[in-house]
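Structure here, sequence nowhere to be found:
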């Protein structure tokens, strides 16, 4: 199957904190990632956000001490059942990330 993504994705299960930027008293929540690329990240959420919602995302790359802070726009959402709960895998495109942080992610995904 031909890869259609602009940025190659790497499976990654690491802790990430996020908050919605369109909520007046948004607080950070913790979850985990599914995969990552220099263009975006897929995270698993218990709350369903609509495509277009913007989140602040904070995470670190395993093996590196650098903490990455980015803003991302939800591009797609897939709903799954997890027991009696629902989980929403959400594909997020980075819309505001430091160039150095994007480079760190690109090098991390290329090395693996």
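Looks like it came in fine. What you see is a predicted model; the values in this text were computed from it and never measured. Residues are numbered from 1 along each chain as shown.

quick one: low-confidence parts of this structure?
1-5, 24 (pLDDT under 70).

what about the strands in it?
10-11, 15-20, 29-37, 40-45, 54-60, 67-82, 85-96 (DSSP state E).

Quickly list what residue 11 is bridged to.
residue 35 (DSSP bridges).

which non-adjacent residue is nearest residue 53?
residue 74 (4.8 Å; Cβ to Cβ, 6 or more residues apart in numbering). (Each C-beta comes from the backbone N, C-alpha and C, glycine too.)

and that neighbour, how many neighbours does it have?
Residue 74: 22 surrounding residues under other Cβ atoms under 10 Å.

Kindly report the same for residue 77.
Neighbours of residue 77 using other Cβ under 10 Å come to 16.

thinking it is in contact with residue 52, fair?
No. Counting by Cβ atoms under 8 Å, residue 77 sits too far from residue 52 to count as a contact (10.6 Å).
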